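In: Return a 3D structure for these sequence lines:
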Amino acid sequence: MLKKKSAPTNSNTGLGENIDKAGLKTLLAKSRVNLNDIISTSSAPQFIINQDHKIVYWNRALEELSNITADNILGTNKQWKVFYNTRRPCMADFIVNGRLEDIPKWYGTEDGSKFMLKYQGTSESKGLGNSCEAVAFFPRMGKKGKWLHFTAMAIKDFKGDVIGAVQSFEDVTKEIKLQKQLLETLEEKEVLLKEIQHRIKSDLQIIRAMIHFQSYYIDHDPSLELFKEIQNHVNSMTRIHDKLYRSKDLTNINMENFIKSLVIDLFRIHGVDNNRVNVGVNAKVMLNINTAIPCGLMINELVTSSIRRNLQSTSSEDNEGESFREMDKITIKIIPQGESFLMTVYDNAPVLLESFNLQDKTLSMWFVNKLAAQLGGLVDLKQDNGTLFNITFREMKFEEEF
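Out: Presented below is the predicted three-dimensional model:
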């Protein structure tokens, strides 16, 4: 039986009675590395075994961690009793046996906890062989068990043969618990976000259904057109929310990929052959979901307006069977400018007499101005050889939203 410790048996050097003097002396004589340098300077819990798997060193820090005194374990091969319920090899034993391939069989899953394992080479010139590292949970240690990060390294003689091994430990219980808490918090936020997404989508679908239902009772053409326009806006909001919330990382959305996908969707919805339009997208920025949604909705409004104006123009020119001319162009850019961003949306569709301006009271322009204001932005419109919108905005941080 291993006895609980009563009092430290170490000298000020950290060696003293914690050493099987005869066993360690033999190991020191054969070793290529100065073991005194290792054991006298290390403050980590540590033990050393010889080629017969007998413990020749058990330091004070390991006494504190294991609650086992050195004089009750030195000279034995019972290092396993400190960590496990049944006899089994420790990592240092695998090093001495030279059977590293067996390590994954033992460090798989135990007591419901997954073991993390990695191998790391060390310099042969230091007299130490390959090392192995792992992180594991030990339920026998402490009142509620401990997570330990442990490393085992071979001790070699002058011929390069393994004559022992040193195993060190670090208590990482606090770090593992913190990681677990962070993961649980992240999972909770992801669940909450999915619930919010589902709620928004459901609410938008209800609004869309109500608008569609009410439109049956309207005979006045302008009012009916307004209802249809509102319904289109709601459809756009639903589509953009759904597209963005499918992103893997809601804090870093690739805006260039998102914009290209959005424009293709708009062409499909309006029956436009995208091969007839020269679309340029330059938006090599990553934005969070709170900023990407208003940006996406603004781009949706402005590109939709461009498509409609072009369709009006081609229909007035009596180009039957053609929705866009070959040289039609739409360019969308988002460029960082210090702490802000500049978004430009340009098209070369003819500027019609009834074309909008910033003071228009149309739903489309009202929507764009409101969305820009949401991001602390300003909208500038130029109409000469086409239509150019310049919108400056800043990224909305999550803490500003919640």
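In: What ranges in this structure fall below the confidence cut-off?
Out: Applying pLDDT under 70 to the chain flags residues 1-42, 107-130, 191-233, 235, 312-327, 351-363, 398-402.
In: Domain-wise, how is it divided?
Out: 16-171, 173-246, 249-402 (automatic domain parsing).
In: Now do the end-to-end distance for the second one.
Out: Okay, so that is domain 173-246. Using Cα to Cα, to the nearest Å, the end-to-end distance of domain 173-246 comes out at 35 Å.
In: The closest residue to residue 93 other than its chain neighbours and residue 76, how far apart?
Out: Excluding the flanking residues, the one nearest residue 93 by Cβ to Cβ, 6 or more residues apart in numbering is residue 53, at 5.7 Å. Placement of C-beta: from N, CA and C, glycine included. Separation of residue 53 from residue 76 (Cβ to Cβ, to the nearest Å): 9 Å.
In: Counting neighbours, go ahead and name the busier of these two.
Out: residue 53 (19 against 14; other Cβ atoms under 10 Å).
In: before we move on, back to that, give me the three-state assignment for the residue nearest to residue 93.
Out: Judged by DSSP: H, G, I helix; E, B strand; the rest coil, the three-state class of residue 53 is coil.
In: Repeat that for residue 292.
Out: helix.
In: isn't there a strand covering residue 151?
Out: Yes - under three-state DSSP, residue 151 sits within a strand.
In: Check which residues of the helix or strand where residue 368 lies are buried.
Out: Using DSSP states H and E, residue 368 maps to helix 363-374. For helix 363-374, burial by neighbour count (16 or more other Cβ atoms under 10 Å) applies to 364, 365, 367, 368, 369, 371, 372, 374.
In: nearest to residue 175, of these?
Out: Nearest to residue 175 out of these is residue 374 (Cβ to Cβ; 40.0 Å).
In: Show the contacting residues for that closest one.
Out: 294, 396 (Cβ atoms under 8 Å, 6 or more residues apart in numbering).
In: That one and residue 272, how far apart?
Out: Applying Cβ to Cβ to residue 374 and residue 272 gives a distance of 29 Å.
In: One more: residue 139?
Out: Counting by Cβ to Cβ, the gap between residue 139 and residue 272 amounts to 65 Å.
In: okay, the two: which has more neighbours?
Out: Between residue 139 and residue 272, residue 272 has the larger neighbour count (other Cβ under 10 Å), namely 19 against 15.
In: Which secondary structure state does that one sit in?
Out: Classified using three-state DSSP, residue 272 is coil.
In: thought it was touching residue 304?
Out: No - using Cβ atoms under 8 Å, residue 272 is not in contact with residue 304, being 10.8 Å away.
In: what's the overlap in contacts for the two?
Out: residue 266.
In: Give me the neighbour count for residue 241.
Out: The number of residues packed near residue 241 is 18, by other Cβ under 10 Å.
In: got it, and residue 142?
Out: 12.
In: next one: residue 62
Out: Neighbours around residue 62, by other Cβ under 10 Å: 23.
In: What strand or helix carries it?
Out: Taking DSSP H and E as the criterion, residue 62 maps to helix 60-66.
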